[in-house]
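In: okay, here's the prediction I keep looking at, along with the sequence it came from:
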There are 4 protein chains.
Amino acid sequence: MERLLFASDYQEGAHPEIIKRLAETNFEKSAGYGLDSFSDAAREKIRAACAAPEAEIHFLAGGTQANAVVIGGLLRPYQGVIAAKTGHVATHEAGAIEYGGHKVLTVPEKDGKLSAGDVRACLAAYWQDENREHMVMPGMVYLSQPTEYGTLYSLSELTAIHAICADYRIPLYVDGARLAYALGCEKNDVSLPDLARLADVFYIGGTKCGALFGEAVVFPKPSTVPHFFTIVKQNGALLAKGRITGLQFDTLFTDGLYVRGGRAGIRAADRIREALLKKGYRLTFPSPTNQIFLTLDKKQLARLSEGIEMAFFEAPDEEHAIMRIATSWATSEEDVNELIARL
Amino acid sequence: MERLLFASDYQEGAHPEIIKRLAETNFEKSAGYGLDSFSDAAREKIRAACAAPEAEIHFLAGGTQANAVVIGGLLRPYQGVIAAKTGHVATHEAGAIEYGGHKVLTVPEKDGKLSAGDVRACLAAYWQDENREHMVMPGMVYLSQPTEYGTLYSLSELTAIHAICADYRIPLYVDGARLAYALGCEKNDVSLPDLARLADVFYIGGTKCGALFGEAVVFPKPSTVPHFFTIVKQNGALLAKGRITGLQFDTLFTDGLYVRGGRAGIRAADRIREALLKKGYRLTFPSPTNQIFLTLDKKQLARLSEGIEMAFFEAPDEEHAIMRIATSWATSEEDVNELIARL
Amino acid sequence: MERLLFASDYQEGAHPEIIKRLAETNFEKSAGYGLDSFSDAAREKIRAACAAPEAEIHFLAGGTQANAVVIGGLLRPYQGVIAAKTGHVATHEAGAIEYGGHKVLTVPEKDGKLSAGDVRACLAAYWQDENREHMVMPGMVYLSQPTEYGTLYSLSELTAIHAICADYRIPLYVDGARLAYALGCEKNDVSLPDLARLADVFYIGGTKCGALFGEAVVFPKPSTVPHFFTIVKQNGALLAKGRITGLQFDTLFTDGLYVRGGRAGIRAADRIREALLKKGYRLTFPSPTNQIFLTLDKKQLARLSEGIEMAFFEAPDEEHAIMRIATSWATSEEDVNELIARL
Amino acid sequence: MERLLFASDYQEGAHPEIIKRLAETNFEKSAGYGLDSFSDAAREKIRAACAAPEAEIHFLAGGTQANAVVIGGLLRPYQGVIAAKTGHVATHEAGAIEYGGHKVLTVPEKDGKLSAGDVRACLAAYWQDENREHMVMPGMVYLSQPTEYGTLYSLSELTAIHAICADYRIPLYVDGARLAYALGCEKNDVSLPDLARLADVFYIGGTKCGALFGEAVVFPKPSTVPHFFTIVKQNGALLAKGRITGLQFDTLFTDGLYVRGGRAGIRAADRIREALLKKGYRLTFPSPTNQIFLTLDKKQLARLSEGIEMAFFEAPDEEHAIMRIATSWATSEEDVNELIARL
């Protein structure tokens, strides 16, 4: 029995339309470094989708890179970034933020999410501390939509966090590595225009949402970070053939492909979730998106692993493992059927 | 009259074989982060081409990134990298090396090349200086093959520089952003196995040599830099879908496509060079590769610029400009004919 | 009523012997940068006191500086330092460690102390994590003796932590900003030779223990960090007149002055502690050294603050404050008497 | 024959008045971190001497530290600092500026001095370069008064450089490690108020000008760098007992002691210079301050070195050495007489 591969949402290539357009435009000549017409077209479509006509948009290659470049660009040396203890920048970026000189100021999380109260408490604690000049100043807030656990911030939650950032005059940054799976989810009530209104910067993930690679960093207000282009270059993040990311985002933002891909991933995940619950499995987090976390005992783990490749996430104790099943824009109905049959 | 676009060697997409294989393999599933079979196959082919069966190979996205990650991985904090005054790391990387904490120790160059004598002088000056513990220690040598000016190190030149590095027990790093145009050039006598023997690390450029993007960093001896994978990640340089770079290098190193692309670029450049000389133009550097630098007076510049887009390189004085014409694997015979007609 | 100043242990100048010797030697000429005979004499005395005849010793100006330089010198870029959540490097150094590129990997603490079990758990968690190459590698352990809360590691506790570090082949670093108050405390069973045996590097604090300023960084094994002198310089931490720190440590390590100063501070603190307990105050931590932490309600705080300047430490809740009373080598019996009278 | 020690200007302790006041105030209690009354008094006196009543002043421990902290505080990550090729930050700080992430953009020098023309050329070259977004932006100008070669900027030279900085809206920073020897020199026409008017930040050197250690960083306009206190702390440069530097600068700026010390050093140097010229020695640079550079042939070097310890500076060729004789506030008339006798 060949194992079904459900470990991650970056196992395939790209939406076929992207491949097709790469082929069609292959010998067109274009300017380098994102100054090409493909990138410009993509920017226009993203601005429209975000209802942010002035937005400044840069295309980077990956999520950790986007986080490091954006955070390094926004903060002064003595500032740190507030993030959930489970935030990607706090855990799985090999210290990229610290390598750039900044502390990740972790606050508690629930199901991977920051609460407005905890963010405010962290900021208040700093500003009320008589010794604060000997401490790292919280200079921005980082969160992911969806979170690392697949959960979603509601519009009211995000609005509350935005309000605190505004109170303290610090920027809010939203990591949208899997944003398509928020936008494509019925339970989501945060639209792209909401994000553009509430976040000072966010990125629209391509790598995990239908592109070969690439993330679109969106600053709703231009010149939020002066000379961001040079900062990108200095971080080794500027692609000579910017057209390749440009073309991919142009395609993703044509005819709603980006969100359609998200929806497909959600539909697959919803069917799997339903089957899991029916069979009595324990879902670790209330994720409505494309990532499903299961708390399995050793027997369950052994049995399921025979036929399904999942991703190991964490061992909460000696007897259990938390495993992840991830769907994507590319997950086929056949694979879902077969997975359900093997549960 | 539409202008002919000859400003750079990164104006098109990729070798059609790459696009074709991307399409064919698009829905195959693979592991992330370069642990996939495409990347493994590419590594095997590169090892064979380099006669370096133990080589450790990592695929990165771009040249500045490769330089920053490799140099940051090799050096201790108090060390700097020796480079030509005109080296890419010294000029056009927006301070990426310094951002990583290291000084670029520039030495004189001739036609973009380091001489063994100047490298030795730099090292000797440091080690003989009584105040050296207050100075930056030269910790490695960086050079490009071909250079930023399109010139080539001969095997004997590279061997001499290698010998000095060996004397001082510091690594030699070769930036091969345009390596195909060295390997495809008749005047070149430095083979990939030579590079693997003489350099402690080098990269085989993809972006400018037929790939959509991507550079293959080759350490002929494994574990030259322990935990290089994590260093790549920390620098935001690890691609989730490593298969995309893997597949591209697998294709480039199948049936000699990489070198064939280089040869095509050289053939085009040779024809243009011949025509330029015939018409009395002044070539700035003795480049035998795909980059041609012209020193033009204002009148020449104005006239040529009407029909040909070149890249501005430098203004040596008020009356002249140095311009670059670059060919590539993708340059068509028609475009070369038309360019020659417009000279 | 003039307030009694008990907020910190760095309120006075230096042991009068130090001032006297500064005056006596003022016009002697000496080499710069720690290559002088005062520094050499101090090194010899410290080596003898530590029973570490090969020790390499560098004199720096302050504690945060020592921590940043030592940690930056020991770690590779992808490594972080394990520390208690309450460790100085984790809280009150304004992000100096992160500024140097390294994450502080915090683990739980009890009364400011790491436990061997928690250190092992942190290391085991990393090395057992399948995703560890995407994470920060724990590369060393940092702890303070005494801790930020005035508590002490016992010899057996320190030996256990040392053993774990040895298992994982990572260095153990002991911050001795207030080391005199450990060495001068009857309850302490960790001697300087123990430290030199168990730690790969530690510093003997001068600033808070009788010097005008200065910390002696001791590597029991020479060349633990190659070119540490240059690392010190690069961090802006090399004093031109190294004689000034050399002479101070030479004096502190003559006739046991360093430990005598510590003992004086402890005696004063013991008297205050006794009085506090007698009067029913609540001591926050079981500190046997020169720092006394009190948990006060608002009324107590208001009353005590009238006559005594303490340091604000933390507000555990709305109704309470944790305040610090610190004694030192310089605390006079009169001040202690008067303080006790005002409790 | 005992050698006369003339290698540097940091061979003795401090002005006896400083030692005396350290003794007198030793048991006074004061707040930490520069918030004490000694530091405040010093600040007031420096403000008065600079005719800069609003100036923000911080006391650091050494010159390389001051340079790293100030430059790191002023620049954005993508910016570099313009300096003479021979500037201290470019040569003898072990890469401290690059360690902080910034490139030192070197320009030609004459006798250690920048010319306004070269500074303007460097700035113009950047801003006219079409590829400037791929390059390091010049973000400030660094110069030393006196220079590393003992030479002085005239008021008109400094005014011209200031004007260029103003044109390009970048700050001018003056390193005054040996400022007393400029202020105490008859040929100098740049006063402290001139410096405060022309520089955005400068430091008044203590270490080489009569203090045990310490440099006073002066920002004529407060909040030039917001949160500079925290930046100092983050760089490990904040002294717990700030009173020690405060008291020293308070003393140096009482009754003109700082300038008087400078004058004494100059008088000694002038006598030596006169004797050297009379005896036919060749002075390398036209230094009117306390550093005298001699170009000696091997025979001269051997003979002079027998009786006089000088500092080795550089070997211009195989047959010659450039050596430095330095006087200071502490140089005695007897030593000068004896040195002259031994020439």
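Out: Great, that's in hand.

In: which residues are in contact with the residue in the stretch 151-300 of chain A positioned nearest to chain D?
Out: Closest approach of the stretch 151-300 of chain A to chain D (CB to the nearest CB) occurs at residue A:230, with a separation of 4.4 Å. The C-beta positions use only the backbone N, C-alpha and C, and glycine is treated the same way. Taking CB atoms under 8 Å, 6 or more residues apart in numbering or on different chains as the contact definition, residue A:230 lies against B:94, D:78, D:133-134, D:137.

In: cool, residue A:153 as well?
Out: In this structure, residue A:153 makes contact with A:113, A:143, A:145, A:147, A:161, A:190, judged by CB under 8 Å, 6+ apart.

In: residue in the stretch 51-200 of chain A with the shortest distance to chain B?
Out: Proximity to chain B, evaluated over the stretch 51-200 of chain A using CB to the nearest CB, is greatest for residue A:65 at 3.2 Å.

In: hang on, isn't that residue packed against residue A:232?
Out: No - the criterion here is CB atoms under 8 Å, and residue A:65 misses it with residue A:232 at 9.1 Å.

In: what is the three-state secondary structure of the residue of the stretch 151-300 of chain A closest to chain D?
Out: What DSSP: H, G, I helix; E, B strand; the rest coil gives for residue A:230 is helix.

In: surely residue A:78 and residue C:94 touch.
Out: Yes - using CB under 8 Å, residue A:78 makes contact with residue C:94 at a distance of 6.0 Å.

In: what strand or helix carries residue A:260?
Out: Element membership of residue A:260 [criterion: DSSP states H and E] is helix A:257-278.

In: that helix: which residues count as buried?
Out: By neighbour count with 16 or more other CB atoms under 10 Å in any protein chain shown, helix A:257-278 contains the buried residues A:257-273, A:275-276.

In: and chain A, what are its domains?
Out: Structural domains annotated on chain A: A:4-11+A:257-342, A:16-252, as defined by automatic domain parsing.

In: please state the offset of the first one from the chain centre?
Out: With CA atoms, centre = their mean, to the nearest Å as the basis, the distance from the averaged C-alpha position of domain A:4-11+A:257-342 to the chain average is 18 Å.

In: again, but for the last one
Out: Counting by CA atoms, centre = their mean, domain A:16-252 is centred 8 Å from the centre of its parent chain.

In: now that domain: average pLDDT?
Out: For domain A:16-252, mean pLDDT rounds to 98.

In: name the nearest residue to the residue in the stretch 101-250 of chain A positioned nearest to chain B, sequence neighbours excluded.
Out: Nearest to chain B, among the residues of the stretch 101-250 of chain A, is residue A:236, at 3.2 Å (CB to the nearest CB). Excluding its sequence neighbours, the residue lying closest to residue A:236 (CB to CB, 6 or more residues apart in numbering or on different chains) is residue B:65, at 3.2 Å.

In: contact partners for the one you found?
Out: Listed by CB under 8 Å, 6+ apart, the contact partners of residue B:65 are A:236-237, B:215, B:235, B:237.

In: equivalent analysis for residue A:28, please.
Out: The contact partners of residue A:28, by CB under 8 Å, 6+ apart, come to B:12-13.

In: likewise for the one 5 residues further on?
Out: Neighbour list for residue A:33: A:238-240, A:242 [criterion: CB under 8 Å, 6+ apart].

In: generate CSV for these, with secondary structure as supplementary columns.
Out: What follows is these, written out as CSV (three-state DSSP):
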residue, secondary structure
A:238, coil
A:239, coil
A:240, coil
A:242, helix
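
In: are any of the residues you listed buried, and which?
Out: Buried members of the contacts of residue A:33, scored by 16+ other CB under 10 Å, are A:238-240, A:242.

In: turn those residues into a markdown table, columns for distance to chain C.
Out: Formatted as a markdown table, the buried ones among the contacts of residue A:33 follow (distance: CB to the nearest CB, whole Å):
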| residue | distance to chain C |
| --- | --- |
| A:238 | 22 |
| A:239 | 23 |
| A:240 | 26 |
| A:242 | 27 |
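
In: returning to that earlier point: which of the contacts of residue B:65 tops the neighbour count?
Out: Neighbour counts for those (other CB atoms under 10 Å in any protein chain shown) peak at residue B:215, which has 32 neighbours.
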